[in-house]
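Engineer: just coords:
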Ligand SMILES: C[S@@+](CC[C@H](N)C(=O)[O-])C[C@H]1O[C@@H](n2cnc3c(N)ncnc32)[C@H](O)[C@@H]1O
Ligand SMILES: [Mg+2]
């Protein structure tokens with residue numbers, strides 16, 4: 001661990017905060033009766049001198065009746081507050097010490113006895129409670145089961161009982177059956193009949209006739225088939241659908257018992273609910289043999305010999321509790337609202353959705369309803385570019401799914417006081433808590449920036465991991481989302497590769513400012529290894545090369561024309577798609593369809609193959625291609641007809657067909673501003689500037705450093721110039737592929753028409769901070785709007801490398817003028833007042849594009865360029881486009897033109913070639929091809 005003061009296990013100070021109402025409930029249970037009355041507020045109602053009666057606001061008063069005393073609350077604006085106030089008064093009056101309100105084990109044992117007697121009393125029979133249905137149906141059970149309620153049910157559906165049992169044995173949290181001996185022990189102190197197998201109980205005396213009659217009068221049993229899922233204990237066996245045939249007057253747990261191969265409901269154990277917070281979906285499993293034998297030994301201690309049961313890893317993973325043997329996942333039971341049975345179908349699809357909802361990526365996919373397309377993006381660039389649930393919310397869901405504590409989010413404000421060291425101040429996170437789920441709009445004062453720390457604790461308050469990002473944000477909410485996403489990204493990598501060594505985990509955590517306690521972490525995620533094993537996810541690694549691989553079959557609906565819109569990093573692509581499962585010759589089943597699906601380019605927001613394909617499409621174009629089937633659980637989570645898809649998948653030889661149409665592209669704000677606010681657009685003005693330099697210098701060779709999608713090279717082809725050889729270098733293969741496609745079409749057409757003098761064109765994949773002798777000594781070098789996309793030190797390095805080694809006769813470098821941003825921001829805010837997102841974006845980032853690592857003022861740029869020129873015997877002149885020379889605040893895009901001083905520069909031959917050729921075109925080849933065709 002990197003932290004110096006790291007103890008073996010960090011424990012958060014445990015504070016028990018029970019609300020006054022909870023304390024009263026614990027002490028008095030149903031014997032505490034709250035009665036709230038509405039009181040018309042007459043105070044201040046009339047205005048002095050005004051003879052009009054206005055209806056006063058409504059206030060509430062609550063009286064709380066307890067066995068010994070009744071208290072009346074203050075007047076409150078809300079009902080809830082009135083109850084709260086009454087409870088507070090009662091605590092004060094009865095002299096209850098809130099800190100002592102957690103009962104001791106012995107007190108809890110006594111209270112369990114009291115609670116049991118109440119549950120089996122006549123009084124309980126008339127209340128509506130999740131247990132009432134069980135009691136009612138118990139009286140409809142036949143023969144020796146008549147009137148018996150399973151012990152496991154009693155403890156599970158009565159929160160008071162379970163809380164008391166947890167006080168006696170906290171281990172119950174993860175081993176639910178441990179509750180049974182505690183209840184049996186208490187039952188021995190109440191005259192209750194216990195069934196032969198000791199796992200269910202009933203009252204010794206019959207219920208009064210009116211109770212029994214009410215039940216017997218019930219309607220004819222209605223039978224229903226409910227979909228459930230069987231989760232076999234052995235991981236080799238597949239999870240399968242199952243039908244439960246239940247009736248209104250039958251006991252559903254007896255039906256489940258039958259499916260589990262045990263005699264009756266008493267041998268069925270039930271997990272806590274899984275999946276969504278409000279869901280009644282639970283796992284049902286049979287009590288292991290040894291457990292039943294041991295229960296009868298009156299030890300009252302831990303009863304299950306764990307060695308004997310076989311842990312059902314999938315079921316245990318889903319519930320976070322130890323589950324043995326085969327299990328059934330079903331949504332069925334009684335609620336607080338009625339004693340009638342309530343149920344929902346649980347399909348295979350639901351099972352797989354619950355499963356993938358345990359991974360950060362899965363939570364994100366489900367939030368976008370795009371399981372076979374979306375992936376959790378690796379960066380939170382801007383709020384307006386983010387789609388789907390926000391990182392902070394995904395992190396909270398993730399923690400809930402894994403039974404970890406709610407993440408502790410600690411926003412910090414960085415107060416930069418001149419002359420003092422930077423100070424970090426804790427900001428009030430409650431403020432953003434109430435502000436749209438963490439999307440606080442708080443913008444720091446001048447110079448103020450925000451950071452955020454996030455800590456994740458286990459349920460027992462052990463620190464599992466914490467993240468302390470170094471990056472500052474102008475908005476507190478952005479800092480929070482960024483930190484949350486860092487944790488999610490790291491966790492996601494773990495889920496994709498749970499067998500990763502601790503060393504690798506630590507190293508990858510360190511890279512993104514995360515520290516974790518390996519022991520604690522592994523303990524929390526122990527089971528994930530066996531459940532999310534190899535190729536669980538449609539792994540990015542497996543697919544990164546499939547985008548345009550040979551196995552990919554394309555069919556394109558229109559001509560190969562490009563739209564001219566650049567799908568660069570930060571653009572939003574909007575597509576419609578359908579994804580099918582192909583099996584055999586003619587079997588094609590729809591898995592997922594989305595009419596409008598928008599995602600940000602460059603942050604891995606979709607599967608790599610999808611992004612690779614989309615970035616080469618033009619608006620309006622449709623493409624169909626195939627990829628291999630890898631992750632069955634994702635497909636199963638997407639498919640509606642799960643059973644059919646499962647059988648197809650099992651028959652093997654399937655593939656996935658993606659059918660995509662690119663509907664529209666929203667370019668990054670910078671590009672939109674450049675087009676909307678300048679005429680001609682700023683990018684065009686830069687091209688014209690370069691063109692002028694080419695003409696003036698009669699350049700024959702040109703290298704474009706950071707050529708991107710080749711927009712400069714493409715534009716140059718439209719004009720007659722002296723250029724014979726053009727080269728582009730970039731690190732983005734995606735952009736290069738796009739550039740190759742455009743340039744190939746243009747050059748070929750022009751050569752065929754005899755209207756181009758270009759003899760050779762090459763695109764290299766490489767970094768412009770690395771030298772490659774093949775592009776040495778060119779007549780002209782261009783580097784337009786590139787340096788600001790590199791870290792500042794890299795921009796300095798590029799300056800040295802280009803002038804010292806590449807040695808172009810002329811070098812043109814353009815970059816945004818930071819001082820001009822005020823004008824841009826003013827214009828966008830004014831022009832887009834009706835679009836709050838745009839406004840936020842321009843306010844939130846001080847740079848024009850979130851991918852910019854810096855933006856220089858004129859002084860900074862001049863300083864960089866002048867020193868560089870002097871160092872390498874170049875001269876430099878300054879100019880720009882957008883704006884007027886000499887008028888504040890200068891040009892929108894500032895340009896430096898370097899000129900080599902004399903021809904006395906070193907020769908570099910036979911130096912390693914560091915760049916990879918992506919595309920190499922020569923006019924000679926083209927002529928030969930044409931000749932062959934003729
Ligand atoms: C805003 S784009 C400019 C593209 C093009 N020059 C234009 O004006 O349209 C910036 C480009 O710089 C590229 N880039 C950033 N760092 C680079 C590096 N170290 N080596 C090569 N290219 C780089 C990016 O991949 C991206 O294509
Ligand atoms: Mg830029």
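Structural biologist: Received it, and whenever you're ready, just let me know what you need. Computed from a predicted model, the values in this text were never measured in an experiment. Ligands and ions are numbered 1, 2, ... in the order given.

Engineer: helix, strand or coil for the closest residue to residue 849 other than its chain neighbours?
Structural biologist: Of all residues not flanking residue 849 in the chain, residue 670 sits nearest, at 4.0 Å (CB to CB, 6 or more residues apart in numbering). In this view, the C-beta of every residue, glycine as well, is placed from N, C-alpha and C. In three-state terms, and counting by DSSP: H, G, I helix; E, B strand; the rest coil, residue 670 is helix.

Engineer: pLDDT weak spots in the stretch 1-150 of the chain?
Structural biologist: For the stretch 1-150 of the chain, applying pLDDT under 70 flags the ranges 1-17, 41-56, 97-101.

Engineer: one step back: was I right to think the residue nearest to residue 849 contacts residue 848?
Structural biologist: Yes. Contact criterion CB atoms under 8 Å: residue 670 and residue 848 qualify, at 4.2 Å.

Engineer: shared neighbours of the two, anything?
Structural biologist: Residues touching both residue 670 and residue 848 (CB atoms under 8 Å, 6 or more residues apart in numbering) are residue 816.

Engineer: these two: which is more packed in?
Structural biologist: Using other CB atoms under 10 Å, the more surrounded residue of residue 670 and residue 848 is residue 848, with 25 against 21.

Engineer: how about that one, secondary structure?
Structural biologist: Of the three states, residue 848 takes coil under three-state DSSP.

Engineer: can you tell me how far it is from residue 706?
Structural biologist: Separation of residue 848 from residue 706 (CB to CB, to the nearest Å): 16 Å.

Engineer: over to the residue in the stretch 601-750 of the chain positioned nearest to ligand 1: give its phi and psi.
Structural biologist: In the stretch 601-750 of the chain, the residue that lies nearest ligand 1 is residue 708 (2.8 Å; CB to the nearest ligand atom). Phi and psi for residue 708, reported as degrees, to the nearest 10, are phi 60, psi -130.

Engineer: also residue 759?
Structural biologist: According to degrees, to the nearest 10, residue 759 has phi -100, psi -30.

Engineer: ok, it touching residue 925?
Structural biologist: No. Using CB under 8 Å, residue 759 is not in contact with residue 925, being 10.4 Å away.

Engineer: how about the residue nearest to residue 849, what does it touch?
Structural biologist: Shown in contact with residue 670 (CB under 8 Å, 6+ apart): 570, 816, 848, 849.

Engineer: where does it land on pLDDT?
Structural biologist: Listed pLDDT for residue 670 reads 79.

Engineer: any weak-confidence spans in the stretch 801-934 of the chain?
Structural biologist: Scanning the stretch 801-934 of the chain with the threshold set as pLDDT under 70 gives 827-845, 904-905, 908-910, 930, 933-934.

Engineer: near ligand 1, which residues of it show up?
Structural biologist: With the criterion set to CB under 6 Å from any ligand atom, the stretch 801-934 of the chain never comes near ligand 1.

Engineer: do the chain as well
Structural biologist: So the chain meets ligand 1 at 706-708, 711-712, 729-732, 735, 767-769, 784-786, 789-790 (CB under 6 Å from any ligand atom).

Engineer: how about a cut-off of 8 Å?
Structural biologist: 566, 568-569, 683, 686, 704-709, 711-712, 729-732, 735, 766-769, 782-786, 789-790, 794, 798, 814, 849, 851 (CB under 8 Å from any ligand atom).

Engineer: closest residue of the stretch 251-400 of the chain to ligand 1?
Structural biologist: residue 381 (14.3 Å).

Engineer: for the stretch 451-600 of the chain, give me the ranges with low pLDDT.
Structural biologist: Residues of the stretch 451-600 of the chain meeting the criterion pLDDT under 70: 533-566.

Engineer: neighbours of the residue in it that ligand 1 sits nearest to, how many?
Structural biologist: Of all residues in the stretch 451-600 of the chain, residue 568 sits closest to ligand 1, at 6.2 Å by CB to the nearest ligand atom. Look at residue 568: counted by other CB under 10 Å, it has 23 neighbours.

Engineer: ramachandran angles for it?
Structural biologist: Torsion angles at residue 568 (phi, psi; degrees, to the nearest 10) stand at phi -90, psi 180.

Engineer: quick one: the strands in the stretch 351-500 of the chain?
Structural biologist: Under the criterion DSSP state E, counting those that start in this stretch, the stretch 351-500 of the chain contains strands at 408-415, 423-426, 449-457, 463-467.

Engineer: partner strands of the first one, parallel or antiparallel?
Structural biologist: Based on DSSP bridges, the strands next to strand 408-415 in the sheet, each with its direction, are strand 423-426 (antiparallel), strand 449-457 (antiparallel).

Engineer: can you name the residues bridging to residue 62?
Structural biologist: Residue 62 has these beta-bridge partners by DSSP bridges: residue 36.

Engineer: mind checking how far it is from ligand 1?
Structural biologist: For residue 62, the distance to ligand 1 equals 64 Å [CB to the nearest ligand atom, to the nearest Å].

Engineer: okay, now that residue: neighbour count?
Structural biologist: Residue 62 has 24 neighbouring residues, counting by other CB under 10 Å.

Engineer: in this structure it contacts residue 35, no?
Structural biologist: Yes. Residue 62 lies in contact with residue 35 (CB under 8 Å); the separation is 6.7 Å.

Engineer: tell me the contacts of the closest residue to residue 689 other than its chain neighbours?
Structural biologist: The spatially closest residue to residue 689, leaving aside those adjacent along the chain, is residue 881, at 5.7 Å (CB to CB, 6+ apart). If you count contacts by CB under 8 Å, 6+ apart, residue 881 has them with 682, 685, 686, 688, 689, 814, 891, 892, 893, 895.

Engineer: repeat the analysis, applying 6 Å as the threshold.
Structural biologist: Listed by CB atoms under 6 Å, 6 or more residues apart in numbering, the contact partners of residue 881 are 685, 686, 689, 891, 893.

Engineer: quick check, the second one in a strand?
Structural biologist: No. Under three-state DSSP, residue 686 sits outside any strand and is assigned helix.

Engineer: not counting sequence-adjacent ones, nearest residue to it?
Structural biologist: Closest to residue 686 by CB to CB, 6+ apart is residue 784, at 5.2 Å.

Engineer: in the sheet, who's paired with the one you found?
Structural biologist: Assessed by DSSP bridges, residue 784 has beta-bridge partners residue 814.

Engineer: for the helix or strand where residue 661 lies, which strands pair with it and how are they oriented?
Structural biologist: In this assignment (DSSP states H and E), residue 661 forms part of strand 654-666. Strand 654-666 has its sheet partners listed here by DSSP bridges as strand 572-583 (antiparallel), strand 622-628 (antiparallel).

Engineer: reformat these as a markdown table; add mean neighbour count.
Structural biologist: Listed next are those as a markdown table, based on neighbours: other CB atoms under 10 Å:
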| stretch | mean neighbour count |
| --- | --- |
| strand 572-583 | 20 |
| strand 622-628 | 19 |
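
Engineer: in TSV: those strands, plus distance to residue 720.
Structural biologist: Listed next are those as TSV, based on distance: least, CB to CB, whole Å:
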stretch	distance to residue 720
strand 572-583	35
strand 622-628	35
